[in-house]
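K.L.:
compute the structure for the input listed below.
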Amino acid sequence: MNRSSAIRPRPLGRTARRTARRTALPAAALLALVLAGCSDPAGGGGHGEPDIGEVAVAPAAASLSLPLDAYTDTDAETARMGQVQQRLLAQCMARYGFPYEEVRTNGSAAAGGPEGRHRTLFGASDPVFAAAHGYDTTAGKGRPVKPPAPELSESAAVVMHGERAGAGQGAEQPPDAQTEEEAARVDSGIDVGGQKVPAGGCVREAYRKLYAPTKDSVDLLFPFGLASEAHERSKGDSRVTQVLKNWSACMGKSGYTDLNDPYEVVQKLGLEADPGGPKAVTAAKADVACKGEVNLLGVWAAVEKAYQERLVEEQAETLALYKKQREARFKLAAGLF
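P.N.:
This is a model prediction of the structure:
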């Protein structure tokens, strides 16, 4: 149900805002000290709630660092890997005599870096951004431009996608391969210009060469899956549920009732159509202020870090292999550009 018409924010007056700034930090600091002393009833092992150690007080989202960051690409690295995949695709097409113009990524993605990779992990968090853009996370990035699909001849399309010309929907598709090692043993059954087309076409070959060259290749999304699992576990942690209750109560004092967590604010307040408009800005400013008052970022980041550390320890062998393969991708990229 859209509750935007029933919500009447009560912004703090100038004197009240000054008082809030003076009193919120000591309260957050006290909470941090209390939470830091909380321990896992199971002794910090693989079950129960892990120890969280020291809790930072009102940290900036841009300063947050989590254990799985060491295994995940920044926006700039992701953009670069996209270009590497495009280059491999172009090389594959060239073997069959077909030119292919590499698709260039949006420059805003390439400009990203490690700073701010967790900027929206816990919802709105930057007071300056909230005051300027509310919940519009696309602000300043420009609209993503989807490049036009390349115009391909019938033969070029066969090489690109590894599908027989004229094959209708529901027709049996040629075999594919999960890894490049496997592809060497798979006959696609398709020939173009006297050459066998790789299983899945050049699109799949480019992906396999970059992300799945051998049978022991770790899934590209493995670290992301672990990070998602840690985040889901953190949501149910008693220290996070308590700080969310505190945040919810704070938002209620500003007129934003019935909010359980920061992820439902936009939908519950009916801000989807205009996430950067005046109503959204007012709500986002209150949201960020409440996060600071109850130290939501400090507590939740500490808890999430603890769950990530547990998963990193549990999956150490696979992550070590993934890291080695990630470094090999970077080496491949260096040789192509």
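K.L.:
what's the first helix or strand after the least confident helix or strand in the chain by mean pLDDT?
P.N.:
Sorted by mean pLDDT, DSSP states H and E, the helices and strands of the chain end with helix 14-36, the least confident at a mean of 38. Moving toward the C-terminus from helix 14-36, the next helix or strand (DSSP states H and E) is helix 75-95.
K.L.:
helices of the stretch 201-337 of the chain, start to end?
P.N.:
201-211, 222-235, 238-253, 265-268, 278-294, 296-314, 316-336 (DSSP state H, counting those that start in this stretch).
K.L.:
mean pLDDT, mean neighbour count and distance to R164 for the ones you listed - can I get that in JSON lines?
P.N.:
(Glycine included, C-beta is placed from N, CA and C.) Shown next, in JSON lines, are those (pLDDT from 0 to 100; neighbours: other C-beta atoms under 10 Å; distance: least, C-beta to C-beta, whole Å):
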{"stretch": "helix 201-211", "mean pLDDT": "98", "mean neighbour count": "22", "distance to R164": "11"}
{"stretch": "helix 222-235", "mean pLDDT": "98", "mean neighbour count": "18", "distance to R164": "34"}
{"stretch": "helix 238-253", "mean pLDDT": "98", "mean neighbour count": "18", "distance to R164": "53"}
{"stretch": "helix 265-268", "mean pLDDT": "98", "mean neighbour count": "18", "distance to R164": "45"}
{"stretch": "helix 278-294", "mean pLDDT": "98", "mean neighbour count": "23", "distance to R164": "51"}
{"stretch": "helix 296-314", "mean pLDDT": "98", "mean neighbour count": "22", "distance to R164": "44"}
{"stretch": "helix 316-336", "mean pLDDT": "97", "mean neighbour count": "14", "distance to R164": "30"}
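K.L.:
I190: which of these is closest?
P.N.:
helix 201-211 (8.5 Å; C-beta to C-beta).
K.L.:
out of the helices of the stretch 201-337 of the chain, nearest to D136?
P.N.:
helix 278-294 (7.1 Å).
K.L.:
from S155, how far out is the residue lying farthest from the centre of the chain?
P.N.:
Residue farthest from the centre of the chain, counting by C-alpha atoms, centre = their mean, is G194 at 43.4 Å. Per C-beta to C-beta, to the nearest Å, G194 is found 12 Å from S155.
K.L.:
ditto for Q83
P.N.:
Q83 is 26 Å from S155, by C-beta to C-beta.
K.L.:
swap in A124?
P.N.:
51 Å.
K.L.:
now do the end-to-end distance for stretch 129-137.
P.N.:
9 Å (C-alpha to C-alpha, to the nearest Å).
K.L.:
can you pull the buried residues of that stretch?
P.N.:
Using 16 or more other C-beta atoms under 10 Å as the test for burial, stretch 129-137 gives F129, A130, H133, G134, Y135, D136.
K.L.:
hmm, the second one is touching V288, no?
P.N.:
Which is A130. Yes - in terms of C-beta atoms under 8 Å, A130 counts as a neighbour of V288; the distance is 4.7 Å.
K.L.:
mutual contacts of those two, please.
P.N.:
A124 (C-beta atoms under 8 Å, 6 or more residues apart in numbering).
K.L.:
contact partners for M251?
P.N.:
T257, L259, A286, D287, C290.
K.L.:
now, which of those sits nearest G270?
P.N.:
Nearest member of the contacts of M251 to G270, counting by C-beta to C-beta, is L259, at 12.7 Å.
K.L.:
correct me, but that closest one touches A249?
P.N.:
No - counting by C-beta under 8 Å, L259 sits too far from A249 to count as a contact (9.9 Å).
K.L.:
spatially nearest residue to A61 (excluding sequence neighbours)?
P.N.:
S125 (4.0 Å; C-beta to C-beta, 6 or more residues apart in numbering).
K.L.:
kindly report the same for T72.
P.N.:
T72's closest residue in space is P223 (C-beta to C-beta, 6+ apart), at 5.1 Å.
K.L.:
distance of that neighbour from G140?
P.N.:
27 Å.
K.L.:
who's in contact with stretch 242-249?
P.N.:
L31, L259, N260, D261, P262, C290, K291, V294, N295, L296, V299, W300.
K.L.:
same list (these) but as JSON lines, adding distance to A280.
P.N.:
Putting the contacts of stretch 242-249 into JSON lines (distance: C-beta to C-beta, whole Å) gives the following:
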{"residue": "L31", "distance to A280": "28"}
{"residue": "L259", "distance to A280": "14"}
{"residue": "N260", "distance to A280": "19"}
{"residue": "D261", "distance to A280": "17"}
{"residue": "P262", "distance to A280": "13"}
{"residue": "C290", "distance to A280": "15"}
{"residue": "K291", "distance to A280": "16"}
{"residue": "V294", "distance to A280": "21"}
{"residue": "N295", "distance to A280": "24"}
{"residue": "L296", "distance to A280": "19"}
{"residue": "V299", "distance to A280": "25"}
{"residue": "W300", "distance to A280": "22"}
